[in-house]
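[1] coords please:
(chains A and B)
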Amino acid sequence: MLRNYLKIAWRNLIKGKLYSFINITGLSIGTAVIVLLALFVRDEKTYDNFHLEGDLIYRAWVKEHYAGEIFFNSVTPYILGQELKENFPDFQEVVRYTTTNASMKKETFSSDELIYVVEPSFLKVFNFPLIEGNINDVLSSPLNVVITPDISKKYFGNENPMGKNISMQFGEEWKDYVVSGIINPAPSNSGFQFNVLLPFENAKLFFGPNAQTMWTNVSVETFVKLKPTANLTAINDKLTPFIDSKLTGIYKPGEYIIGLQKLSDIHLNNEIPTGFMPVGNPRYPFIMSAIALLILILASINFTTLAIARSINRTKEVGIRKTIGAQRIQLRSQFWTEAVLTAGISVLIGIGIARFVIPWFNGLVDKNLHFGFTIQTIGFGLLLVLIIGILSGAYPSFVLSNLSTIKTLRDRISSSGSSRHNILKILVGFQFVLSIVLICCTVIIQKQLFFIQNKDLGFNKDQIMIIPFNKSGVGLRDLMEESNKIKVPLASQISSLTGISKITVSNHTLGTLGWLSVGYTDQVSQKFNSFKINGVDENFIPIHELKIAEGRNFRPEGESDLKSVIINKAYAQEYHLKLNELLQDPFSDYKIIGISEDFNYASLHQSVDPLVLTQDPIGMLRIASDVSSIDSPNPKISLKLPSANISSSIASIEQIWKDLMPDQPFGFSFLDDNFDKLYRSEQRFSFIISLATILAIFIGMLGLFGIATLLIAQRRKEIGIRRVLGADLKNIIFQLNKGFFTIVFLSCIIAIPIAWYVMEIWLRAFEYRTTMSWWAFALAGGFAIFLALIVVSSQSIKASLENPVNALRTE
Amino acid sequence: MLLQLKNASKWVHVGGNKAFLLKDINLNVFEGEFISIMGPSGSGKTTLLNVLGMLDDFNEGQYFLNDENVGSMKDKRKAQIAKENFGYVFQAYHLIDELTVYENIETPLLYQKVSSSERKALVADILDKFNIVGKKDLFPSQLSGGQQQLVGIARALISKPKVILADEPTGNLNSRQGEEIMQLFKKLNEEEGVSIIQVTHSESNAAYASKIIHLLDGSIEKIENL
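    Prediction:
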């Protein structure tokens, strides 16, 4: 029986080539999209889920109430781990780690590496298997180091590194370490992307005695592994009084809270601040899943609408089968077999497409996904076949198998006015609604990206090159002194070689997310305030073409502008300050010599916060009671390249740099690139939405083409009669197109408010946003109508040009 | 008695009035009978045939099949009874275009869950009897009208029905082909005892039967025994 069904299904597939092509194309694209996005979602959802007993692992967080503000951190005090280990028997392991950048050197070769400084239990709590070395002692001596094969290759080539020395620089000092183990790199869906592991004792090299003992200084992430018998609620109940007792006199009870967050929760929970591990946007897996589902629905609708349009030709077959004894269930099985066969072929092709485009998709989403044939993925494929098959075969199998025998044999099923046509209209309309919503979103997203990229930011970001001082482990102050010292010879050499006259040194460059934030308690109101500062020199403003609204720029150094500051308008407004006044307490040593126009120094997601430009950042930081910054405040050189000979200028600058500072690695970026990076996630998002839109339109139009072909073919006789009666072409084309246009037009009316609502939510993430102009929606609607016009007219024109005699003769 | 219609009527409503398709039909069919139904267009021939074949319902009266009242049966039982007792032959042959001759004939057996070896034997048998073994792998579109109707009859007979219901079986055929089909019916009726009820326009074809029922405006005008 099944063989018979399959045989008929196959013959029908071959017979209706156009429809099979449309169905299979749509469904295989849908499958490819689903496979790729499912891999993406799985990767996002399975971060660090491979650790044995991972559900017993938690990360500690700290919430601190200070002067009316809440400081929430997933990086914890250094001593927390120690205290937890000593006082909480419910934890079988406690592990602290921190990360730092350090220069690494083997003989003459040196480079900068990200170092994970971990407690030995790191390898026991987390499942990162060693390739060489013994888990119990690889990290036992402070001078051991464990590296990945990549690092081994980089520094030791093909040599076996075990037992050999490699040196690292913390502060001014180079220290020798012995390679005691080689470790597999973490899977790509892990938050711990280490290359080098150092024993935790080394943390003392860069955390001073204060940082090691104070509860108000956060420096390391603290993980705990519960005993299987432990009760989380009981632990939490114990934690609060324990912390309160440790901090009596400093904090009131409840002002300093420690909590625990599940390991598996870290990657997609953006309510808890990011620590050392990357946090994904939890909306993305959701949006991706929605898009995948949407495309699949579109393709399945094609299958259904085509089946409806074709059903007129198949009613006869249903009738015959019924008279010769087919039961409903048998007919249903037959139609479902056809749908499942089509789905099966499509899924196979779709998986092929997915495998083919995975490398490209990986680049797009910045991941390392791959599709292997495991029981899991094969099961997923089969499930997909069943879902698509059942979804798309539902209409034919239910409706066609229920047709009355006698009517089907009389061939009296008319092609118009029946309820079947209403279903057809609704389904086609639904496809259009989805397509138009997507088109609207694409237009608005593009409009916003264009707006961002072209907004007047208040400065000129073109051709500004940034070279960071990279030396790690040196205090900010020393680094700044060094950079200021080197600035003059560097500037004069660059000027003589390339003609670039000005360079500037600053703590922060424009277009980075988190500048130094200075917090203090206001003497009068006793409220906690904060503002941003950037240590700059007299060239910062001219190089970036910032506008000074009142007052003047800094004078060249030596003219004692050390205690002068330039504030932005936002600052002046917030603190009610005017030119030549002193800053508010406790910063009243500083005098305002200039007020700049507001410029968007961070991303356009954020508003322009009050900002102070100073030549004495260290002095201001010293006064502050709280300092934080997301970006490193290490000094960076910025300079404006001439528009000609950019690459030769860069080469000369690199040469000068290396001559002057042989121990400083040379690296550079461009300001406008950094700006683009701020919106990379939007650009990625926009690209995915655009792609989804194109695919959705493509699938939808394929379906529309199929339906137009079928329905117009069924009206051949009517067209023939109209022609004989004297209708002209225009009239006939209008008649044929009319029905489709009503659908598209109504779809527009439904789709536009939906799109408007969705985009309203999306735009809220931006502080500076484009307007949702009516023309964006008109454009989207017009585009949909235009496409439908082309697709439907191609068929209606063909039909109306046919000689009416041919159409009538066949009757 | 094989089939018995008692006071059967069927109507549709046209603008508030009943338009009778069948009016007060009384008809008895015995096993092994060969009946022709004649009458002008619109006299209800096909409707009567469909009612007899349980493809169509009626509004009033009773229908007994093997002395069992069809009206009180559930749909499933009806379908079962129809499957066991009737084979249908159509003017337009109604073969399934996507299936070969062999598969068309085999299909009713598939729906009756006959085992594969038995199916093979039965289909081979009937192909042989109808002399169309050579055509078994052809599709309907590759056959002449007469050959298609032969396949149609073979398909109707494969499940060994008691009655063949034929709606203008020769209507689309030329006279020579039509005669062949009639000869076949006659042979089936006489040699195998299959009852045949056919609707026809042609006097000469009607004469193959043992009884002709003349219909007019949905009523039996007269019954002619030959």
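[2] Would you verify that A:Tyr116 is located in a strand?
    Yes. Counting by DSSP: H, G, I helix; E, B strand; the rest coil, one finds A:Tyr116 located in a strand.
[3] Surely it touches A:Ser190?
    No. Assessed by C-beta atoms under 8 Å, A:Tyr116 is found out of contact with A:Ser190, at 12.0 Å. For the C-beta atoms, the positions are set from N, CA and C on the backbone; glycine is no exception.
[4] which bits of chain A sit near chain B?
    By the rule C-beta under 8 Å from any C-beta of the partner chain, the part of chain A lying against chain B is A:1, A:4, A:7-8, A:11-12, A:15, A:316-317, A:319-321, A:323-327, A:330, A:405-406, A:409.
[5] Could you turn the buried ones of the residues you listed into a PyMOL selection?
    Buried subset of the residues of chain A next to chain B, written as a PyMOL selection, criterion 16 or more other C-beta atoms under 10 Å in any protein chain shown:
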select buried, chain A and resi 8+11+12+316+317+319+320+321+323+324+325+326+327+330+405+406+409
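[6] what does chain B put close to chain A?
    B:50, B:55-56, B:79, B:82-83, B:88, B:90, B:94-99, B:103, B:107-108, B:110-113, B:155-156, B:159.
[7] Can you say which of these are buried?
    B:50, B:55-56, B:79, B:82-83, B:88, B:90, B:94-96, B:98-99, B:103, B:107-108, B:110-111, B:155-156, B:159.
[8] From those residues, which land in strands?
    Residues of these located in strands (DSSP state E): B:Tyr88.
[9] After the host helix or strand of A:Leu364, which helix or strand is next?
    Element membership for A:Leu364, per DSSP states H and E: helix A:328-365. On the C-terminal side of helix A:328-365, the closest following helix or strand by DSSP H and E is helix A:375-395.
[10] and that next one, which residues are buried?
    A:380-381, A:384-385, A:388-389, A:391-395.
[11] Could you dump the residues you listed into a markdown table with pLDDT added?
    Listed next are these as a markdown table, based on pLDDT from 0 to 100:
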| residue | pLDDT |
| --- | --- |
| A:Phe380 | 88 |
| A:Gly381 | 89 |
| A:Leu384 | 88 |
| A:Val385 | 91 |
| A:Ile388 | 86 |
| A:Gly389 | 88 |
| A:Leu391 | 82 |
| A:Ser392 | 81 |
| A:Gly393 | 84 |
| A:Ala394 | 84 |
| A:Tyr395 | 79 |
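[12] now, which of the residues you listed sits nearest chain B?
    Distance to chain B across these (C-beta to the nearest C-beta) is lowest for A:Gly393, with 17.3 Å.
[13] gap between that closest one and A:Arg321?
    Distance of A:Gly393 to A:Arg321, given as C-beta to C-beta, to the nearest Å: 17 Å.
[14] what does B:Leu65 give?
    22 Å.
[15] Over to B:Ala209?
    On the measure of C-beta to C-beta, B:Ala209 and A:Arg321 end up 29 Å apart.
[16] Also A:Ile656?
    In this view, A:Ile656 and A:Arg321 are 87 Å apart by C-beta to C-beta.
[17] And what about the residue positioned nearest the centre of chain B, helix, strand or coil?
    What sits nearest the mean C-alpha location of chain B, by C-alpha atoms, centre = their mean, is B:Leu165, with 1.2 Å. Using three-state DSSP, the structure places B:Leu165 in strand.
[18] What of the one 4 residues further on?
    Under the three-state scheme (three-state DSSP), B:Pro169 adopts coil.
[19] And for it, the neighbour number?
    27 (other C-beta atoms under 10 Å in any protein chain shown).
[20] avg pLDDT for stretch B:95-106?
    Mean pLDDT, stretch B:95-106: 88.
[21] Got the confidence number for A:Ala807?
    pLDDT at A:Ala807 comes out at 68.
[22] Tell me, how many residues neighbour A:Asp585?
    Here the count is done by other C-beta under 10 Å, and A:Asp585 has 12 residues near it.
[23] residues in contact with the residue nearest to the centre of chain B?
    By C-beta atoms under 8 Å, 6 or more residues apart in numbering or on different chains, B:Leu165 lies in contact with B:49, B:52-53, B:86-89, B:197-198.
[24] likewise A:His576?
    By C-beta under 8 Å, 6+ apart, the contact set of A:His576 is empty.
[25] any idea how far it lies from chain B?
    86 Å (C-beta to the nearest C-beta, to the nearest Å).
[26] The nearest residue to A:Ala309 once chain neighbours are set aside: what secondary structure?
    The shortest distance from A:Ala309 to any residue other than its chain neighbours is 3.8 Å, reached at A:Leu710 (C-beta to C-beta, 6 or more residues apart in numbering or on different chains). Recorded secondary structure, A:Leu710: helix (three-state DSSP).
[27] Tell me what A:Ile183 is bridged to.
    A:Leu130 (DSSP bridges).
[28] residues contacting it?
    A:123, A:128-131, A:133, A:146-148, A:194, A:197.
[29] low-confidence ranges in the stretch 151-300 of chain A?
    The stretch 151-300 of chain A contains residues with pLDDT under 70 at A:171-172.
[30] from it, which residue is nearest to chain B?
    Of all residues in the stretch 151-300 of chain A, the one sitting closest to chain B is A:Ser300 (23.8 Å; C-beta to the nearest C-beta).
[31] tally of neighbours for that residue?
    A:Ser300 has 27 neighbouring residues, counting by other C-beta under 10 Å.
[32] buried residues in the longest helix along chain B?
    What stands out as the longest helix in chain B, according to DSSP state H, is helix B:175-192. By neighbour count on 16+ other C-beta under 10 Å, the buried set for helix B:175-192 is B:177-179, B:181-182, B:184-185, B:188-189.
[33] Those into a markdown table, with extra columns for pLDDT?
    Shown next, in a markdown table, are those (pLDDT from 0 to 100):
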| residue | pLDDT |
| --- | --- |
| B:Gln177 | 88 |
| B:Gly178 | 89 |
| B:Glu179 | 91 |
| B:Ile181 | 90 |
| B:Met182 | 92 |
| B:Leu184 | 91 |
| B:Phe185 | 92 |
| B:Leu188 | 91 |
| B:Asn189 | 93 |
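[34] I appreciate the help and will end here.
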